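In: Got a predicted structure here, sequence first:
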Amino acid sequence: MNADHARPHPGDRAARPGGPARPLPGPGFDHESAATPWREWPRAHWPGLLDGLPPSLAHYPEDPEFQFEEFFDATVCVWREKNAPTWSCGPVTFTAEASDGADRLFTLLTDGTPDTYVAHAEDYFERPVARTAVAAIRSGAPLTHETVAALSPTADFAAVALRARELGHAVEESLAG
């Protein structure tokens with residue numbers, strides 16, 4: 001498994017889940033959240049965080065790729081099984097002043113426009129990012145050589161197309177090779 005990790009703020013982590021063909025949880029860690037496992041020793045998840053995680057995904061919290069110092073270091077965890085109509089999460093509750101950080105950590109995925117990601121990517125990578133290419137990917141349009149080249153001119157299209165297919169993203173077949 002190869003999670004694509006984003007770091008919206010120093011010390012925070014959010015793993016962007018794969019596509020519809022690969023079910024997996026999307027953990028996030030907000031170091032300023034009341035739900036941080038570091039609030040007590042030994043570390044413990046916020047009550048309900050992993051409740052309801054389906055058996056098909058139960059091994060992910062044990063995956064070293066999602067762990068920090070041998071612990072599933074998460075303040076938020078969402079998941080979506082293959083062919084599920086919606087995302088799910090455990091039954092966590094917070095006071096009005098507390099949060100798991102999901103609003104901040106997953107804004108790049110949930111705001112509904114490519115503009116937020118483009119602004120983040122341009123700041124993070126310190127170079128222009130093609131909004132039209134980001135919009136095409138967000139809309140689910142089949143991946144094309146032009147889209148990949150607009151985002152990364154040196155990327156191997158065949159390798160990107162293979163990974164996109166693994167994640168359930170459409171690839172324009174006449175170009176897929």
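Out: Here it is on my side, so go on. Numbering: from 1, shown residues only.

In: Span of stretch 152-170 from start to end?
Out: Stretch 152-170 has an end-to-end distance of 18 Å (C-alpha to C-alpha, to the nearest Å).

In: Pull out the buried residues from that stretch.
Out: Buried residues in stretch 152-170, counted by 16 or more other C-beta atoms under 10 Å: F157, V160, A161, A164, H169. Where C-beta positions appear, they are placed from N, C-alpha and C, glycine not excepted.

In: Return the member of these nearest to C89.
Out: Compare each of the buried residues of stretch 152-170 with C89 using C-beta to C-beta and the shortest gap goes to H169, at 23.6 Å.

In: tell me which element that closest one is part of?
Out: Per DSSP states H and E: H169 is located in neither a helix nor a strand.

In: Among the buried residues of stretch 152-170, give me the pair with the biggest separation.
Out: Pairwise distances among those were taken by C-beta to C-beta; the largest, 13.4 Å, belongs to F157 and H169.

In: Could you list the low-confidence segments of this structure?
Out: Scanning the chain for pLDDT under 70 picks out 1-25, 174-177.

In: could you redo the last one with a cut-off of 50?
Out: 1-12, 14, 16-23, 175-176 (pLDDT under 50).

In: Now tabulate the buried residues of stretch 152-170 in a markdown table and tack on secondary structure.
Out: Formatted as a markdown table, these follow (DSSP: H, G, I helix; E, B strand; the rest coil):
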| residue | secondary structure |
| --- | --- |
| F157 | helix |
| V160 | helix |
| A161 | helix |
| A164 | helix |
| H169 | coil |
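
In: Would you mind giving these as a markdown table with distance to P27 added?
Out: What follows is the buried residues of stretch 152-170, written out as a markdown table (distance: C-beta to C-beta, whole Å):
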| residue | distance to P27 |
| --- | --- |
| F157 | 30 |
| V160 | 25 |
| A161 | 27 |
| A164 | 22 |
| H169 | 21 |
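
In: so which of the residues you listed would you say is closest to V92?
Out: Relative to V92, the closest of those is H169; by C-beta to C-beta it sits at 30.2 Å.

In: I figured that closest one was touching A141, is that so?
Out: No: in this structure H169 lies outside contact range of A141 using C-beta atoms under 8 Å: 9.4 Å.

In: pull the CA atoms of the longest helix belonging to the chain into PDB?
Out: Ordering each helix of the chain by length in residues (DSSP state H) puts helix 114-125 first. What follows is helix 114-125, C-alpha atoms only, in PDB (Å, rounded to 0.1, in the frame of the first residue of the first chain):
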ATOM      1  CA  PRO A 114      -9.700  22.300  -7.500                       C
ATOM      2  CA  ASP A 115      -8.700  25.800  -6.400                       C
ATOM      3  CA  THR A 116      -7.800  24.900  -2.900                       C
ATOM      4  CA  TYR A 117      -5.600  22.000  -4.000                       C
ATOM      5  CA  VAL A 118      -3.900  24.200  -6.700                       C
ATOM      6  CA  ALA A 119      -3.200  26.900  -4.100                       C
ATOM      7  CA  HIS A 120      -1.800  24.300  -1.700                       C
ATOM      8  CA  ALA A 121       0.300  22.500  -4.400                       C
ATOM      9  CA  GLU A 122       1.700  25.800  -5.700                       C
ATOM     10  CA  ASP A 123       2.800  26.800  -2.200                       C
ATOM     11  CA  TYR A 124       4.100  23.400  -1.300                       C
ATOM     12  CA  PHE A 125       6.000  22.600  -4.600                       C
END
